[in-house]
Structure formats: C-alpha cells, structure tokens
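# Kindly generate the corresponding structure for this input.
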Amino acid sequence: PLPHPKRKVGSNWKYSSNLTGVNLDILHEIATSGTNFKDKNAHLVGKGSIGLEIMKGLLWGGVHIVITTS
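Numbers count the residues shown, from 1 in each chain. Coordinates of the predicted model:
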C-alpha cells in the first residue's frame, strides 16, 4: 500500500500530493541507492514485530542501536 500523507489545515486533515511526492522520492532513492547509517546511533523504544523490522533496517544500514522497553 502507498502512503497518503495528510497535512492539518485548520481543524481538518487534507491529503497532500506534495508530501506524497516527497515521500515517494525518498523511498525511490532508498530502493536504488540503499541506506547508510554508518557511524550513526539510534535509540529504539519498544518491542514487537514493528520494532523488530525497524531494527533490522537500521542494523542493515550500519547503525549502532540501543533498544529499551517502556
């Protein structure tokens, strides 16, 4: 599924084609060039399947990671 970012306008949330374009450009760059978190640090709070997948991506990119739970 593709993301559909929204921007708050007044008290309503409206679809933003600009934010969607920026997001898709970033995803395309990651898919074609890869990600590089070499010599970066991250703190991941939580656990579960989503946290595990985020951790895998960060580690694949070379990040040093500290994981804590609430």
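# after the helix or strand bottoming out on mean pLDDT in the chain, next one along is what?
Least confident helix or strand of the chain, by mean pLDDT, DSSP states H and E, is helix 49-60 with a mean of 83. The helix or strand immediately downstream of helix 49-60 is strand 64-68, counting by DSSP states H and E.
# Parallel or antiparallel, list what pairs with that next one.
In the sheet, strand 64-68 lines up against strand 41-45 (parallel) (DSSP bridges).
# what inclination does the partner strand have with respect to helix 49-60?
170 degrees (axes from the mean of the first three to the mean of the last three CA atoms, to 10 degrees).
# can you count the residues close to residue 44?
The local packing of residue 44 (other CB atoms under 10 Å) involves 16 other residues. Placement of C-beta: from N, CA and C, glycine included.
# Need the contact partners of the least confident helix or strand of the chain.
Helix 49-60 has contacts (CB atoms under 8 Å, 6 or more residues apart in numbering) with 35, 37, 42, 44, 65, 67.
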